[in-house]
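Enquirer: Pasting the sequence and the predicted model now:
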Amino acid sequence: MKLKKGDKVQVIRGKDKGKTGNIEKMFPKEEKVLVSGINNFKRHLKANSQKQKSEIITIQKPVSISSVILICPKCNTKTRVGYAVNEGKKVRICKKCGEFI
């Protein structure tokens, strides 16, 4: 996967198109990511006992990795990710400005 936890991404499809957030969790087998503030849903919880109250909570659901694009920290634009070898290590680079991510 070309994205990593903590990367700043922008949603390019769906109901939250144009919103940005940081990746909180990765799901590589499902090819999904959990992005802060994106894809929120309301969930109604029923009380199990008289002491507990019924409430509506907000939960976040993961989005497909193909629905987000990386925002380069150096040039602050949305970009694709490339790879290069630097001092024997494989590093990610920004395709627009060429800087290391």
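Expert: Arrived safely. Not measured: the values here are computed from a predicted model.

Enquirer: mind checking how far the top strand by length along the chain is from the chain centre?
Expert: For the chain, the longest strand by residue count, based on DSSP state E, is strand 20-27. The gap between where strand 20-27 is centred and where its chain is centred comes out at 3 Å by C-alpha atoms, centre = their mean, to the nearest Å.

Enquirer: what's stretch 38-58 in contact with?
Expert: 11, 14-16, 19, 21, 59-63 (C-beta atoms under 8 Å, 6 or more residues apart in numbering). Where you see a C-beta, it was placed from the backbone N, CA and C, and this is true even at glycine.

Enquirer: can you rerun that using 10 Å?
Expert: For stretch 38-58, the external contacting residues (C-beta atoms under 10 Å, 6 or more residues apart in numbering) are 9-11, 14-16, 19-24, 32-33, 59-63, 67-68.

Enquirer: before we move on, which element is the residue of the chain most remote from its centre in?
Expert: Distance from the centre of the chain peaks at Gln50, with 38.6 Å (C-alpha atoms, centre = their mean). Using DSSP states H and E, Gln50 sits in no helix or strand.

Enquirer: Output the helix or strand hosting Ile57 as PDB, restricted to C-alpha atoms.
Expert: Here Ile57, judged by DSSP H and E, is contained in strand 55-60. Output in PDB follows, covering the C-alpha atoms of strand 55-60 (Å, rounded to 0.1, in the frame of the first residue of the first chain):
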ATOM      1  CA  GLU A  55     -28.700   7.400  22.700                       C
ATOM      2  CA  ILE A  56     -27.600   8.300  19.200                       C
ATOM      3  CA  ILE A  57     -23.800   7.900  18.700                       C
ATOM      4  CA  THR A  58     -21.700   8.800  15.700                       C
ATOM      5  CA  ILE A  59     -19.400   6.100  14.300                       C
ATOM      6  CA  GLN A  60     -16.800   6.300  11.600                       C
END
